[in-house]
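Peer 1: give me a 3D structure for the following:
(one chain, ligands or ions: 1)
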Amino acid sequence: MMTPVLAHPLTAQERAHLNSIFERALQGHGLNPAEGVLLLNWATGLDGHSPDDQLGLGQLRNAADQLRAKLVGPTVTYVINRNINFTNICEQHCGFCAFRRDANTPGAYWLDFEAILGKASQAVELGATEICLQGGLNPQAQIKGSTLAYYATMIREIKAAFSQLHLHAFSPQEIEFIARQDQLSFAEVLGQLQAAGLDSLPGTAAEVLVDRVRQIICPEKLKTPAWLEIVSTAHRLGLPTTSTMLCGHIETPTEQIQHLEQLRQLQQTALENDYPARITEFILLPYVGEHAPPALRKRVGREQPDLAATLVLTAVARLYLGEWIPNHQPSWVKLGLPGAITALAWGCNDLGGTLMEEHITTMAGAKGGTGMTPEALQRAIASIQRPAQQRTTLYQPVGDAIHAPLG
Ligand code: SF4
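Peer 2: So this is what the prediction gives:
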């Protein structure tokens, strides 16, 4: 949490303005950008007010919690899934990434289809309904000179063996990579992957959708307009996506709100044009730098997430996105399960996946673990007296909800 330059109490007029923002936020129609920035600056003490104004922070938390209750009720959902990061060989060098390797260097790996199918098979035995596939950008990953053929074959092979699995795969950055390698449009790539059996896309590689920030933390990555175009094209073609933000590094409150605004506009575009798919959830991913490249880590000056600042942004994101994106998920990998459970009181309603194996953030130094059992998630949800419900990737219930014992 930032230290205020000069702490002073709110005037009656400022307090009344804040109260009016909270009242309108509770209607679920979202905040405007100026209100979002005002809330972030106030809650983190950047505007000179005391950040330990517990009454004020409690008001923010309660507003986010009330809006969560109004939009999606008390139930906390989770999905039984397996992460498969099929290669860490990557042509890019993002400033926060401890996962990537050059080919033929120590630690580099690239799973063949047999190994990927073996992991999918284990996941099915453990009750998984989803496989999440993401990897580095490996220029060697081609079949007969086609990058798209490699990715489409991966999807087809898994679907042929396990037709019941939902394949949640390939970030917008991977879609841009395939399109660039094979000189295809984003729509052609997405359409062919969809025809092969792709069910939805993770909205990762978003980081912060402001090119000033991207130029510093991931200068080789696709730019903001390309990310937005790929996600909107996916919605138009009927491929749902998630949405994410990598927070807590060099971005300003204004840039955090610009990012949320882009996500809300994407969702509004999908709704206004009656696209067959849209954003299913928002996931806040705080920066973990412990083993990440030193340049950005030194600039940030912190190795693990700032939980208090993450909770403030969690709450503001809930209020800002309102009814447009009703499902909000904290990252237990980055915050640890206790931190993620705390975030459930700041506007979140979902704990994400069991993952079974997680490499990307764990290699950066995250302490939350690499997998969770459904029972561990159910116990954690019961500890805050809220019902637990297994869900599909697209938020359909699987089985019955588990109600916490009262008292
Ligand atoms: S974050 Fe992804 S694109 Fe960037 S270096 Fe790591 S693996 Fe490559």
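
Peer 1: Arg68 and Arg318 touch, don't they?
Peer 2: Yes: Arg68 is in contact with Arg318 according to C-beta atoms under 8 Å; the separation is 6.1 Å. From N, CA and C alone the C-beta is placed, and that goes for glycine too.

Peer 1: who in the chain is up against the ligand?
Peer 2: With C-beta under 6 Å from any ligand atom as the criterion, the chain comes near the ligand at residues Cys90, Gln92, His93, Cys94, Cys97, Phe99, Arg100, Gly136, Leu137, Gln173, Cys218.

Peer 1: before we move on, back to that, now list whatever residues contact both of Arg68 and Arg318.
Peer 2: Counting by C-beta atoms under 8 Å, 6 or more residues apart in numbering, the common neighbours of Arg68 and Arg318 are His328, Gly347, Cys348.

Peer 1: picking up where we left off before, Arg68 and Arg318: which is more packed in?
Peer 2: Higher neighbour count among Arg68 and Arg318: Arg318, with 27 against 23, using other C-beta atoms under 10 Å.

Peer 1: contacting residues for the more buried one?
Peer 2: With contact set as C-beta under 8 Å, 6+ apart, Arg318 has these partners: Ala64, Leu67, Arg68, His328, Trp346, Gly347, Cys348.

Peer 1: name the element it belongs to?
Peer 2: Secondary structure from DSSP states H and E places Arg318 in helix 307-321.

Peer 1: what about Phe282, which SS state?
Peer 2: At Phe282 the chain is in strand, as set by DSSP: H, G, I helix; E, B strand; the rest coil.

Peer 1: show me the beta-bridge partners of it.
Peer 2: Taking DSSP bridges as the rule, Phe282 bridges to Ser243, His328.

Peer 1: tell me if I'm right that it and Cys247 touch.
Peer 2: No: in this structure Phe282 lies outside contact range of Cys247 using C-beta under 8 Å: 11.5 Å.

Peer 1: these two: which has the busier surroundings?
Peer 2: In this view Phe282 and Cys247 are compared by other C-beta under 10 Å, and Phe282 has more residues nearby, 28 against 22.

Peer 1: please report how far that one lies from Ala317.
Peer 2: Relative to Ala317, Phe282 is positioned 6 Å away (C-beta to C-beta, to the nearest Å).

Peer 1: joint contacts of the two?
Peer 2: What both Phe282 and Ala317 touch, as defined by C-beta under 8 Å, 6+ apart, is the set Met245, His328.

Peer 1: tell me who's in contact with the residue in the stretch 301-407 of the chain positioned nearest to the ligand.
Peer 2: Going by C-beta to the nearest ligand atom, the ligand is nearest to Ile360 of the stretch 301-407 of the chain, at 7.1 Å. By C-beta under 8 Å, 6+ apart, the contact set of Ile360 is Asn85, Cys97, Phe99, Gln134.

Peer 1: same thing with Ala380?
Peer 2: For Ala380, the contacting residues are Leu337, Ala340, Ile341, Leu351, by C-beta under 8 Å, 6+ apart.

Peer 1: secondary structure and pLDDT added to the residues of the chain next to the ligand, as a markdown table?
Peer 2: Compiled in a markdown table, these are given as follows (DSSP: H, G, I helix; E, B strand; the rest coil; pLDDT from 0 to 100):
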| residue | secondary structure | pLDDT |
| --- | --- | --- |
| Cys90 | coil | 98 |
| Gln92 | coil | 98 |
| His93 | coil | 98 |
| Cys94 | coil | 98 |
| Cys97 | coil | 97 |
| Phe99 | coil | 96 |
| Arg100 | coil | 97 |
| Gly136 | coil | 98 |
| Leu137 | coil | 98 |
| Gln173 | helix | 98 |
| Cys218 | coil | 98 |
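
Peer 1: sketch out the low-pLDDT regions of the stretch 1-150 of the chain for me.
Peer 2: By pLDDT under 70, the low-scoring segments of the stretch 1-150 of the chain are 1-8, 49-55.

Peer 1: please, where are all the helices along it?
Peer 2: 12-25, 33-43, 54-72, 113-125, 147-161 (DSSP state H, counting those that start in this stretch).

Peer 1: so what does the first one touch, helix or strand wise?
Peer 2: It stands for helix 12-25. Judged by 3 or more C-beta pairs under 8 Å, 6 or more residues apart in numbering; DSSP states H and E, the packing partners of helix 12-25 are helix 33-43, helix 54-72.

Peer 1: before we move on, what about the last one?
Peer 2: In terms of contacts (3+ C-beta pairs under 8 Å, 6+ apart), helix 147-161 is packed against helix 113-125, strand 130-133, strand 166-169, helix 172-182, helix 186-196.

Peer 1: buried deepest among the ones you listed, which one?
Peer 2: strand 130-133 (a mean of 25; mean count of other C-beta atoms under 10 Å).

Peer 1: that one packs against which elements?
Peer 2: Applying 3+ C-beta pairs under 8 Å, 6+ apart, one finds that strand 130-133 makes contact with strand 81-84, helix 113-125, helix 147-161, strand 166-169.
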